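A.B. asks: Return atomic coordinates for the entry below.
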Amino acid sequence: MRYLLLIYADQEASDAMSPDELRAMHEAYLDFTQEVAGSGELLGGEALQGLDTATTVRVRGGKTAATDGPFAETKEVLGGFYLVDCKDLDRAIEVAARIPGAAIGSIEVRPIAEWQT
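C.D. replies: Got it, this is the predicted structure:
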């Protein structure tokens with residue numbers, strides 16, 4: 001089954017990291033990505049640009065409004081994702097727990113809806 005692993009980071013904790021800590025986190029992500037790719041479970045993933053680049057779009061009464069910033073004010077911000085194919089939720093949770101960002105934020109595990117056509 002496919003799962004989307006959404007990586008939420010505590011922006012203050014991320015901003016407080018030293019250059020060495022940032023470098024170590026980046027290397028941990030590279031190692032993790034190679035490991036999951038090697039297992040055959042990785043389908044894709046990307047890091048997102050910073051929160052200051054977000055735009056939220058709403059359509060109300062047929063009118064489109066775009067505002068700067070994320071959907072909601074929050075301490076944790078969406079920083080990236082992995083799309084994985086795991087045998088079950090337990091395995092997806094195991095994979096999510098190894099994402100380096102779980103140490104300073106949280107990982108939301110969401111099953112992908114499989115539509116019957």
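
A.B. asks: Show the average pLDDT along the helix or strand harbouring Asp90.
C.D. replies: Taking DSSP states H and E as the criterion, Asp90 maps to helix 89-97. Averaging pLDDT along helix 89-97 gives 97.

A.B. asks: how far does the helix or strand that that helix is followed by sit from the chain's center?
C.D. replies: Proceeding C-terminally, helix 89-97 gives way to strand 105-111 as the next helix or strand, assigned by DSSP H and E. How far strand 105-111 lies from its chain's middle: 7 Å, per CA atoms, centre = their mean, to the nearest Å.

A.B. asks: follow-up on the earlier one: buried by neighbour count: which residues of the helix holding Asp90 qualify?
C.D. replies: 91-92, 95-96 (16 or more other CB atoms under 10 Å). Every residue, glycine included, has its C-beta placed from N, CA and C.

A.B. asks: Check the offset of it from the chain's centre.
C.D. replies: With CA atoms, centre = their mean, you get 14 Å for helix 89-97.

A.B. asks: Repeat that for stretch 82-94.
C.D. replies: Per CA atoms, centre = their mean, the centroid offset for stretch 82-94 relative to its chain is 14 Å.

A.B. asks: now the worst-scoring helix or strand of the chain on mean pLDDT, how far from the centre of its chain.
C.D. replies: Between all helices and strands in the chain, the lowest mean by mean pLDDT, DSSP states H and E belongs to helix 11-15, at a mean of 83. Remark: helix 11-15 is offset 15 Å from the chain centroid, using CA atoms, centre = their mean.
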